[in-house]
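# Here is my input, please return the structure:
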Amino acid sequence: MDSEFKKCYTYMMCDSNNCLIYIGVTTNLERRVLHHRNRAFLGIMHRYKGSKLIYFETYTGIAEALARVYQLKGASNKVKYSLVEEFNPEWLDLSLLWIAKVE
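Sure, this is the predicted structure:
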């Protein structure tokens, strides 16, 4: 499979207080969420124990997904919160079903 057409995800995770939002990109959303949950990455979400998947978008190419990440990172918090509110109004952890299957 050509990597340009591999399924990619732009995602947002937050801390337990729903205050700090992290935006990232991956080709394997389930694995990436587990890495965050297990604190396998050093960085801001590791420090603040951010492991709640609150939003994601699916793309067919990494270039599209990366462009969206840069767009979201440049957006105001109001824009980011509005996206989450529309997609996931209760700010639930969307990965809970995946985690239950793996554990």
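# contacts for the helix ranked longest in the chain?
Ranked by number of residues, the top helix in the chain under DSSP state H is helix 62-74. Contact with helix 62-74 is made by 3-4, 6, 8-10, 12, 23-25, 27, 57, 59, 79-80, 83, as judged by CB atoms under 8 Å, 6 or more residues apart in numbering. Just so you know, the C-beta spots here come from the backbone N, C-alpha and C atoms, and that holds for glycine as well.
# Could you do stretch 15-31 as well?
6-14, 32, 36, 44-45, 48-50, 52-54, 56, 62, 65-66, 68-69, 72-73, 77, 80, 84, 91, 95, 98, 102.
# that older thread, now restrict the contacts of helix 62-74 to buried residues only.
Burial by neighbour count, 16 or more other CB atoms under 10 Å: within the contacts of helix 62-74 this picks out 8-10, 12, 23-25, 57, 59, 80, 83.
# This structure: helices as residue ranges?
29-37, 44-47, 62-74, 77-87, 96-102.
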